[in-house]
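Novice: the amino acid sequence is not available; the structure is as follows:
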């Protein structure tokens, strides 16, 4: 693929970088427009949607290459590329950009959320979403340690501001919790990076230097410690147990579309970061070397603990956003379980599951945005609000059903069934039967979690219940729900399409 030279020092291909540059430039343009024309409030959201659409439109340029697409390369035979995207990275960029676009649609246009539920004005909210999305798109392709660390923090810190700007009760406390977790995560990641450089002598995620480090016992131990620190730091981003405590606190105080962003785009960035870290180990395993048993065990235990605790506590929740927070923790376990196997097929299975999880979660969060029209905050929402939903708003009930069934892995949302099978496959192939048993138990627990909510929607409301108002489908929210539903139906009819994207 042709690259554009820049001053003879580094090769740049702006088309390859477009999924990162488009939202970054969009955020800058939104702020410039707001400074020049503060009364032009109607321009901010279209600029955000256009920039995300441009990033999505640039992805086919990289897809056309049969080999990994590289840029930011130093010249010469010993040159290195600091930006590389293969099929997995492109799928993660697709997930991050598309999910962000859908979140912006849920916020506006024509919805109450952007103007009434977020402080600071439309420009600030849109710019923060775009900036975080640029970080999420960058982290999956960064191959040097400093850029990777900056990208993962860029994907996180704007989310803290988005929670703080929500008008829900307790938003400041939720944002403070998320900020403290982000600082702790950054410290762990920084220590892990330092140990990685100490063990490998290399400031990039390279299979060659990793192989050399594994061959020396002293370096081997330091490298394992580095990976454990990196996994712990990313555990906060993934909401994996025991690094999960911020998740319910942040979700319940945020506006529903902002909580949807935390549950989807932020998780896509974290999964991408984890794949970049574990990618060299996957390559070593594919070569027949078994140097990472301890890493496989640690990540597997994190996955098992996350899905089990998440599902058990989600069964006890009455607040829909608190339930979704614990559901996010449980689903993080499902994404981690195949990734823990450190095989190429496991990476594809993890990304395929993430794709289905993001679609299902966006569907459910979109419905909660319609059912709960005010800034209720912590304790202001209840599953009782969904009683009689199927009768008074059939469209919302159908979308909710599709999302919940996809997350549960039940037909007619066949894509959820396929995703569960894809996630279990690498675990079975690797012979980790204890983890297979945990996965099977959590399939049953997950079904109970999501069917419990769905039963509220199909049951009629009590005759003496007050009339429920607020399910007004604003234009942006309606478009988002229709797009999400169409995607879930299409992937259920053609489940191989989702698996093909991940591969």
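Specialist: Thanks, I have the structure now. Predicted, not measured: the structure shown is a model, and the values here were computed from it. Numbers count the residues shown, from 1 in each chain.
Novice: any idea where the strands of the stretch 51-200 of the chain begin and end?
Specialist: Secondary structure of the stretch 51-200 of the chain (DSSP state E, counting those that start in this stretch): strands located at 69-73, 81-85.
Novice: now the last one: how far from the chain's centre is it?
Specialist: It refers to strand 81-85. 21 Å (CA atoms, centre = their mean, to the nearest Å).
Novice: just stretch 95-105 next, same as before
Specialist: Here the centre of stretch 95-105 is set off from its chain's centre by 11 Å, with CA atoms, centre = their mean.
Novice: please apply the same query to stretch 41-56.
Specialist: Using CA atoms, centre = their mean, the offset of stretch 41-56 from its chain centre is 20 Å.
Novice: tell me the buried residues in it?
Specialist: Using 16 or more other CB atoms under 10 Å as the test for burial, stretch 41-56 gives 43-45, 47-49, 51-52, 54-56. All C-beta atoms are positioned from the backbone trio N, CA, C, and that covers glycine.
Novice: looking at those, spot the one nearest residue 353.
Specialist: Each of the buried residues of stretch 41-56 was checked against residue 353 using CB to CB; the closest is residue 56, at 21.3 Å.
Novice: and that closest one, what does it touch?
Specialist: With contact set as CB atoms under 8 Å, 6 or more residues apart in numbering, residue 56 has these partners: 19, 94, 97-98, 101.
Novice: same thing with residue 129?
Specialist: By CB under 8 Å, 6+ apart, the residues touching residue 129 are 48, 100, 103-104, 158, 162, 261.
Novice: mind putting the strands of the stretch 51-200 of the chain in JSON lines, mean pLDDT, distance to residue 446 and mean neighbour count included?
Specialist: JSON lines is the format used below for those (pLDDT from 0 to 100; distance: least, CB to CB, whole Å; neighbours: other CB atoms under 10 Å):
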{"stretch": "strand 69-73", "mean pLDDT": "78", "distance to residue 446": "36", "mean neighbour count": "21"}
{"stretch": "strand 81-85", "mean pLDDT": "82", "distance to residue 446": "32", "mean neighbour count": "21"}
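Novice: any chance of CSV for these, columns distance to residue 394?
Specialist: Formatted as CSV, the entries for the strands of the stretch 51-200 of the chain read as follows, by distance: least, CB to CB, whole Å:
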stretch, distance to residue 394
strand 69-73, 44
strand 81-85, 41
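Novice: tell me how far the helix or strand hosting residue 451 lies from the chain's centre.
Specialist: Element membership of residue 451 [criterion: DSSP states H and E] is helix 433-458. Taking CA atoms, centre = their mean, the mean C-alpha location of helix 433-458 is offset from the chain mean by 21 Å.
Novice: which other helices and strands contact it?
Specialist: Under the contact criterion of 3 or more CB pairs under 8 Å, 6 or more residues apart in numbering; DSSP states H and E, helix 433-458 touches helix 293-314, helix 320-339, helix 389-392, helix 394-408, helix 414-430.
Novice: against which helices or strands is the very next helix or strand once past it packed?
Specialist: Sequence-wise, the next helix or strand beyond helix 433-458 is helix 475-493, with elements assigned using DSSP H and E. If contacts are counted by 3+ CB pairs under 8 Å, 6+ apart, helix 475-493 sits against helix 87-107, helix 344-371, helix 394-408, helix 414-430, helix 495-502.
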